[in-house]
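Novice: Just to be clear, the model below is a prediction. Sequence and coordinates:
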Amino acid sequence: MKKFSLKTAALIASMLGLNLHVNAAPISLESVKNDITYLASDELKGRASFTAELDVAASYIANRFKSIGLKPFKSHYLQQFPIYSFTPEKISLSLNGITISNEKLALASTAKQIHWTQDSDVNITYIKDNHDFRSTLKKLNQAGGDHLILIDPTHQPLFERYKAYFHNGLTKLNNSNQGSLLLAITNITELEQFSASGKTTIANKTLTNVVGVLPGKSKASEVILYSAHYDHLGTRIIEEQQDHVFNGADDNASGTTAIINLAQHFANTRDNERTLIFTAFTAEEIGGFGSKYFSQHIPADNITAMINIEMIGKASKFGPGKLWMTGSERSNLIDILNDSLRKNNEKIYADPYPQEQLFYRSDNATLARLGVPAHSFSTTQLDQDQHYHKASDEIETINLQSMTNVIKALALATKSLTQGSVTPTRIDTSKVRASGKIY
Ligand SMILES: [Zn+2]
C-alpha cells in the first residue's frame, strides 16, 4: 500500500479549502486568557448555583463545546436535572414530659413530617461531654434512618453550627425519605418517654451540567472523562468590603477553562481511539450534585479514567506549571501519566497536602466511589493562598503562563489514555469513605 504523505494531504486539503492540522493546534495562552477572563468576570456574579448568571456561564461553555466540534451528550450539551431542598419548619420535643425549648433543637430531615414517640422505630444516641460529636453524627448520617440525638450542653458551640447548616435547608438529588436526625441539647441521659414532631418544606429547582463528547475511533465505548466544576459562591455582602463578587477565578474558572482548551486541543489532533467526554459540573460548592447526577446517567464501568481539574491558576509549591494529583496511592494513574511526561522531563506530583483530604473535596470522589480511577489535579497552595473562597479570587491573581503550561502538561500526560494504549487500575471502593444519606 502506498504511504499517504501529509504533504499530499495538506495539498488536497488546501485545494478543498480545508484547514488541515498537520501539527496539533497548540494550547494557547490567548485562548486560555479569553475563557478564564470571561468566566471570572463580574458580569457572571460569582456563578452561584440557582442563579441566572450560572446559566449564562453554562451557555457560554456549551457554545464553546459546539464551536470546537464536540458532539452533544445524549443529544444535549446541557444536562438539566431537578434538585430538592428540605427546610425544617416546625420542631417540638418533650423528653420525660419536659418540653425542650426551640433554640436547643435542630432537625435534618428528608421526611415531610415526623411524629415519634418511645414506641416508634427510632434510634436514640447520647453524645456525652467526652464523646466525639462530629464523627458520631457522621456515622448516623451514613447509616440513614430515624435518629433522636441527645447532646450534652458542653457541645453547644458545634451544635449551633450544625443547626445553622441544617436550617438553611438541605439539598438532595432526590426527594425520597432517607431518614431524619433530630438533635437536642439536654442534660437528660436516661429516657423513659418522649414525643417529637417536625415538619419539613420540600421545594425543587433545576441545575445544569454542560457535557460535550469527542467520539473515539476504535474504542468508542471506553471513556476518558475530563471534568471541572464551573459553579462558585456568588455574591456576598461583607461589612467594610467594597467587592461583593466572589469571582472564583482560580476556583474554578481555571479548571473550566482547562477542559474547554483540552477539548479544543483534542478536537484538533483528532487522534483519540477512546471517547473523550468533557464535563463542566454544576453545584460542586454546595455538595457535588452535578457529578452525582452525571454519575447516575453513565455506566461507571465505561469510564476508564477521570481527570478532574480544580484550581490550576497559580504556581504550585513545586513551581510554576507544575501540578499535583489527589489520591495517587489509590490507582496507578499517576505512573501512567508520568510515563508520558518523562520524555519532556516533566512530572505530576503526589498531593502535598494529604491531611486536607482533598481527594474527598471535589467531584472526583463521587466517581471514585464507583471504582473509577478518578482523581483531581491542582496547583493550589492551600496553606498560603490568601484568596481561597474570598472575593479577591480574581483574574489579576492568576498566572496565565503557568496555567497554560499546566493544561499543556495534562494534554501530553493523558495522551496514552486517549489513544487507548494504557488502562489504569480501578479504585478499591471498599477503601473510599461513603457519603452521607441525610445531609
Ligand atoms: Zn473548587
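Specialist: The structure has been received and is ready for your questions. Numbering: from 1, shown residues only.

Novice: ok, residue 437 touching residue 140?
Specialist: No. Contact criterion Cβ atoms under 8 Å: residue 437 and residue 140 do not qualify, at 9.3 Å. Glycine gets a C-beta too; all of them are placed from N, C-alpha and C.

Novice: Enumerate the residues of this structure near the ion.
Specialist: Applying Cβ under 5 Å from the ion, we find that the chain lies next to the ion at 251, 252, 310.

Novice: Just name the closest of those residues to residue 221, please.
Specialist: Nearest to residue 221 among the residues of the chain next to the ion is residue 310, at 27.6 Å by Cβ to Cβ.

Novice: Could you report the distance from residue 418 to the ion?
Specialist: Using Cβ to the ion, to the nearest Å, residue 418 is found at 24 Å from the ion.

Novice: Please, which helix or strand holds residue 334?
Specialist: Using DSSP states H and E, residue 334 maps to helix 333-341.

Novice: Check which helices and strands that helix is in contact with.
Specialist: strand 324-325, helix 400-413, helix 415-418 (3 or more Cβ pairs under 8 Å, 6 or more residues apart in numbering; DSSP states H and E).

Novice: if you compare these, which one is most tucked away?
Specialist: strand 324-325 (a mean of 24; mean count of other Cβ atoms under 10 Å).

Novice: Given that strand, what are its sheet partners and their directions?
Specialist: Strand 324-325 has its sheet partners listed here by DSSP bridges as strand 349-350 (parallel), strand 374-378 (antiparallel).

Novice: Which of these sits closest to residue 125?
Specialist: Between those, strand 374-378 lies closest to residue 125; by Cβ to Cβ that is 33.1 Å.

Novice: The closest one - what's its average pLDDT?
Specialist: Average pLDDT, strand 374-378: 98.

Novice: same check, this time on stretch 249-269
Specialist: Mean per-residue pLDDT for stretch 249-269: 97.

Novice: Scan this structure for its longest strand.
Specialist: Looking across the chain with DSSP state E, the single longest strand is strand 194-214.

Novice: Which is the succeeding secondary structure element to it?
Specialist: strand 219-229.

Novice: what's the angle from that following strand to strand 374-378?
Specialist: 50 degrees (axes from the mean of the first three to the mean of the last three Cα atoms, to 10 degrees).

Novice: how far is strand 219-229 from where the chain is centred?
Specialist: 15 Å (Cα atoms, centre = their mean, to the nearest Å).

Novice: mind starting the numbering at 58 from now?
Specialist: Done: numbering now begins at 58, and the last item shifts to strand 276-286.

Novice: what are the ranges of the helices in the protein?
Specialist: Taking DSSP state H as the test, the helices found in the chain are 63-72, 86-96, 109-125, 190-200, 213-224, 312-326, 346-352, 390-398, 421-425, 457-470, 472-475.

Novice: out of those helices, deepest packed?
Specialist: Highest mean neighbour count of those: helix 421-425, a mean of 27 (counted as mean count of other Cβ under 10 Å).

Novice: can the residues of the chain next to the ion go into CSV with extra columns for distance to residue 441 and neighbour count?
Specialist: Compiled in CSV, the residues of the chain next to the ion are given as follows (distance: Cβ to Cβ, whole Å; neighbours: other Cβ atoms under 10 Å):
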residue, distance to residue 441, neighbour count
308, 15, 27
309, 18, 32
367, 17, 25
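
Novice: Turn those into CSV, columns for distance to residue 420.
Specialist: As requested, the residues of the chain next to the ion are arranged in CSV below (distance: Cβ to Cβ, whole Å):
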residue, distance to residue 420
308, 13
309, 10
367, 8
